[in-house]
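1. Below are the sequence and a predicted model for it; my questions follow.
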Number of protein chains: 2
Amino acid sequence: MGTTQLESVPEPKYWHLRTVLSEALDSEFEVGEILPNERDLAARFGVARATLRQALEQLELEGRLQRRRGVGTTVAPPRVGVAVDTREHAWPGTADDAWQPGDCALAAPPAAVADALETGRDEPVHTVRRLRVSHGRPVAAELLYVPSSSVPGLPAIDAPSGAARARAVLRELQRGALERRESAVELGSAGADDAKELDRLPGAPVLVVTTRYFAEGRTAALSVATYRADTCRLTFGDFGDVEIHHGPQTQAS
Amino acid sequence: MGTTQLESVPEPKYWHLRTVLSEALDSEFEVGEILPNERDLAARFGVARATLRQALEQLELEGRLQRRRGVGTTVAPPRVGVAVDTREHAWPGTADDAWQPGDCALAAPPAAVADALETGRDEPVHTVRRLRVSHGRPVAAELLYVPSSSVPGLPAIDAPSGAARARAVLRELQRGALERRESAVELGSAGADDAKELDRLPGAPVLVVTTRYFAEGRTAALSVATYRADTCRLTFGDFGDVEIHHGPQTQAS
């Protein structure tokens, strides 16, 4: 099963350039420094603009570069470690929760969510929008779907939205007996609402963490959290709320 | 903190097209079906080829489409759930491990790995290459770095490579007392070797899971596992070895 038995895949030109550029970032540039413009870079490395752009996109995907309109391309700081809560028996919204409730609405969820919650496709559920901030910047946006049956004691009030309503839903949810939770991580792209909250353009790559909360043998709530893939690395394990910094070693030039 | 207070971000044309295409995939196409060619699709939706291509790339990133040379663009099956082992006290290579050892070499690791292991930058470490297969297809490739100090009883043999050597390193590693492990997930791109093993082109988006194994107060081994981001969703929690299927609902046309 050695790799030598496998067929050889040719290395694309942009991939080679990416490696060369990556080494140049380590040795010649500091975090936050603005890169020369594309024309100058393409000339320096003797490649076409299209090849250069592919290599830059690659390094952006890997979190090495940031590209912002009006600023240009800068060397990215190391990604921030963001702890994903995997405690078996914790509901969202408990005291040490890293999320801030922002808004709450009663609306029909996407079909896949309705199926997971086993609610009817047109049945409205409480939809809590929460934001997670790290080092003063938004790192993740969440939609937490809670069927009415999971919060039977929730009072019917006149204005069923806003942060106060969100907190009321979370409080009621915590009265139930949580059996277990399951999480999954996959690659996705930011929708328009999430992109707005995360200060990204729609379509930006994100890490989507889906968590199902089980109570009384069924899914009592479902959370879909969207983390910025450019700035975050998700950490799992018994870290508590400690956030650790990782990433490639950066050297002063 | 409601979203309404935030500035509006204009929706790019390709993002709108992606949404329209995504709905068409749900209602008109079956898994595995080949999409019409780009020219016909661009004409049907009244967009430029470049816009269409951006929308297709987006849907590929989200795991909805697969593009393969010589085949064309097909509707992707739902992503496969792949359980990431987070048992606090399990070394790699134990009986229920999902990974198959492929090869082993003694080589100087990348600088960031050497720093994490606190070995010297030129000090060779045992580098075990392992592969993870799910439903008959490779889903992840791993490099496991083990310093000599973590496997003191490893016999010096004539041929220090190959699968047998890999198994010997794992066996020796398991003699140590594991204190805990830490995992992190981030977005990356496949290097040439990983791409080859995963049947992808270099630069394809991957989910990189880094795991540090701590013993005697230091990092005794470090694993860098590269999962195909197009076909995998990583599941965390007490699933044992159960693999569950998720993903958007697909409907027959």
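-> Perfect, I can see it now.
2. Beyond whichever helix or strand residue A:56 is part of, next helix or strand please.
-> Secondary structure here is read from DSSP states H and E; on that basis residue A:56 sits in helix A:49-61. Per DSSP H and E, helix A:49-61 leads on to strand A:65-68 as the next helix or strand towards the C-terminus.
3. Can I get that next one as PDB, trimmed to CA atoms?
-> Output in PDB follows, covering the C-alpha atoms of strand A:65-68 (Å, rounded to 0.1, in the frame of the first residue of the first chain):
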ATOM      1  CA  LEU A  65      -3.100  35.500   3.000                       C
ATOM      2  CA  GLN A  66      -6.000  37.800   3.400                       C
ATOM      3  CA  ARG A  67      -7.400  39.700   0.500                       C
ATOM      4  CA  ARG A  68      -9.600  42.700   1.200                       C
END
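4. so what's the residue most central in space within chain A bridging to?
-> Centre of chain A computed as the mean C-alpha position; nearest residue by Cα atoms, centre = their mean is residue A:227, 0.9 Å away. For residue A:227, the beta-bridge partners under DSSP bridges are residue A:140, residue A:207.
5. Same check on residue A:107?
-> Partner residues in beta bridges with residue A:107, using DSSP bridges, are residue A:125.
6. rewinding a little: for the helix holding residue A:56, buried residues please.
-> For helix A:49-61, the buried set under the neighbour-count rule, 16 or more other Cβ atoms under 10 Å in any protein chain shown, comprises A:51-52, A:54-61. Placement of C-beta: from N, CA and C, glycine included.
7. other SSEs contacting the helix or strand of chain A with the lowest mean pLDDT?
-> None of the helices or strands of chain A scores lower by mean pLDDT, DSSP states H and E than strand A:65-68, at a mean of 84. Counting contacts by 3 or more Cβ pairs under 8 Å, 6 or more residues apart in numbering or on different chains; DSSP states H and E, the secondary-structure elements packed against strand A:65-68 are helix A:49-61, strand A:72-75.
8. Would you mind saying which of the ones you listed lies nearest chain B?
-> In this view, these are compared for proximity to chain B by Cβ to the nearest Cβ, and helix A:49-61 is the closest at 5.4 Å.
9. between that closest one and helix B:49-61, how many degrees?
-> Counting by axes from the mean of the first three to the mean of the last three Cα atoms, to 10 degrees, helix A:49-61 points 30 degrees away from the direction of helix B:49-61.
10. can you tell if helix A:49-61 touches chain B?
-> Yes - taking Cβ under 8 Å from any Cβ of the partner chain as the criterion, helix A:49-61 and chain B are in contact, through A:58, A:61.
11. now that helix, how far from the centre of its chain.
-> Averaged C-alpha coordinates place helix A:49-61 at 22 Å from its chain's average position (Cα atoms, centre = their mean, to the nearest Å).
12. just checking, what packs against that helix?
-> Helix A:49-61 sits against helix A:13-28, helix A:38-45, strand A:65-68, strand B:180-189, with contacts defined as 3+ Cβ pairs under 8 Å, 6+ apart.
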